[in-house]
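*Asks:* Pasting a predicted model and its sequence here:
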Amino acid sequence: MIAVVVWAANLLGWPVIHLAIGFVVLRIPPHIFARDTWLTTRRPWEQDGHLYRDRFAIRKWKFLLPDAAPWLGGFAKRELRERNSAYLAQFLIETRRAEIAHWCMLGCLPLFFIWNPPWARWVMTAYALAANLPCILVQRYNRFALDRIAHIRSQSPVRL
């Protein structure tokens, strides 16, 4: 009977965590994500986003990831649908929101260490990393790309 409960906790735990954190983070006001935090700030080793593009070839696989935000009433980030400043600013905010949500989901990993034997902890760790790290990398990559677009737009002459 205990084994059934452990399997149920493992199989249902992650989807519940993903949905609950996604639901809660989507209800946080956007101004909270308007600026980078120590978690979302740019790092020198990211080489202005080139790390994600060149080393991780992120443009080749990022389309494979699901964008769950629209399922929960959030902002769709699968593609750039507009190029106006307001939309780009909202997209930047939503990349920070998504990155923080995935860090929170990853932070729930120790919960699974409570009831799982050591071998299953490795499985849970592999799942948590596989489910969240690619999403975090894509959000960081998208933020660099959006910053480049905003920078280019700010240097363009104003057309009257």
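*Replies:* Perfect, thanks for sending it.
*Asks:* How about residue 28: what's its closest non-neighbour residue?
*Replies:* Closest residue in space to residue 28, ignoring its immediate chain neighbours: residue 97 at 7.2 Å, by C-beta to C-beta, 6 or more residues apart in numbering. Bear in mind the C-beta positions are built from the backbone N, C-alpha and C, glycine included.
*Asks:* Hmm, that neighbour is touching residue 27, no?
*Replies:* No: judged on C-beta atoms under 8 Å, residue 97 makes no contact with residue 27 at a distance of 10.5 Å.
*Asks:* So which of the two has more stuff around it?
*Replies:* The neighbour comparison of residue 97 against residue 27 (other C-beta atoms under 10 Å) goes to residue 97, with 23 against 10.
*Asks:* Where does that one sit: helix, strand or coil?
*Replies:* Three-state call for residue 97 (DSSP: H, G, I helix; E, B strand; the rest coil): helix.
*Asks:* ok, it - contacts?
*Replies:* Shown in contact with residue 97 (C-beta atoms under 8 Å, 6 or more residues apart in numbering): 25-26, 28, 30, 33, 74-75.
*Asks:* The residues you listed: which two are farthest apart?
*Replies:* Maximum pairwise distance in those, criterion C-beta to C-beta, is 12.6 Å, between 28 and 75.
*Asks:* Name the residue in these two with the higher neighbour count.
*Replies:* Set side by side, residue 28 and residue 75 show more neighbours around residue 75, with 17 against 12, by other C-beta under 10 Å.
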